[in-house]
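Enquirer: Sequence below, structure please.
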Amino acid sequence: DDVKKKVFRERDGEVARHVARRLTDKHRAVAYWAAALLRQILILPEHRADLATQGVPASLVSLLKAEDELGALTAINAIGCLHALAAKPEIKEVIVTEIGDSLGAITNPPKGARRQNALKERAIQLKEFLGK
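Expert: I've put the predicted structure just below:
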């Protein structure tokens with residue numbers, strides 16, 4: 001909770017950028033937690049434009065490949081981040097370009113993942129929001 005309070009009060013965006021860099025960590029659990037925290041950070045609109053210009057949409061799109069339960073949870077958080085970023089029309093265009101056909105693959109998540117229905121639902125919501 002103390003970390004969240006600091007992040008929400010932060011003005012220069014350094015913590016948000018640090019968390020965003022962890023999206024590409026080779027350890028999948030780190031990427032999961034980064035996506036979960038970034039989703040909370042993006043509640044504040046001032047973080048959105050800065051992160052969108054730093055390649056964060058591409059990093060989030062790369063997390064949409066759900067091969068197992070952790071991957072499904074990570075993808076759900078990545079979709080939440082993409083949805084928050086896409087609230088700004090100029091960022092939405094970047095996301096539409098980056099995402100390509102990735103959402104189509106999500107509508108058929110891996111079998112056996114307990115979160116597959118939630119993942120599928122979130123992917124459909126984002127797809128509709130993006131107008132794809």
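Enquirer: Mind giving me the packing neighbours of the longest helix anywhere in the chain?
Expert: Identified as the longest helix of the chain according to DSSP state H is helix 69-85. Helix 69-85 makes packing contacts with helix 28-41, helix 46-52, helix 56-62, helix 89-99, helix 116-130 when contacts are defined by 3 or more Cβ pairs under 8 Å, 6 or more residues apart in numbering; DSSP states H and E. All C-beta atoms are positioned from the backbone trio N, CA, C, and that covers glycine.
Enquirer: Give me the buried positions along the last one.
Expert: Buried residues in helix 116-130, defined by neighbour count with 16 or more other Cβ atoms under 10 Å: 116, 118-120, 122-123, 126-127, 130.
Enquirer: Contact partners for the spatially most central residue of the chain?
Expert: Nearest to the geometric centre of the chain sits residue 78, at 2.3 Å (Cα atoms, centre = their mean). The contact partners of residue 78, taken as Cβ atoms under 8 Å, 6 or more residues apart in numbering, are 23, 35, 60-61, 63-64.
Enquirer: Throw the residues you listed into CSV and include distance to residue 82, thanks.
Expert: Formatted as CSV, the contacts of residue 78 follow (distance: Cβ to Cβ, whole Å):
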residue, distance to residue 82
23, 12
35, 10
60, 5
61, 7
63, 10
64, 9
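Enquirer: Just the closest of these to residue 91, please.
Expert: Of all those, residue 91 sits closest to residue 60, with 11.5 Å by Cβ to Cβ.
Enquirer: And residue 70, how close does it get to residue 32?
Expert: Separation of residue 70 from residue 32 (Cβ to Cβ, to the nearest Å): 6 Å.
Enquirer: swap in residue 89?
Expert: From residue 89 over to residue 32 (counting by Cβ to Cβ), the distance is 29 Å.
Enquirer: still on that earlier bit, please identify which of the buried residues of helix 116-130 is nearest to residue 83.
Expert: Using Cβ to Cβ, residue 126 is the member of these that lies nearest residue 83, at 5.4 Å.
Enquirer: Give me the pLDDT for the closest one.
Expert: The model reports residue 126 with a pLDDT of 89.
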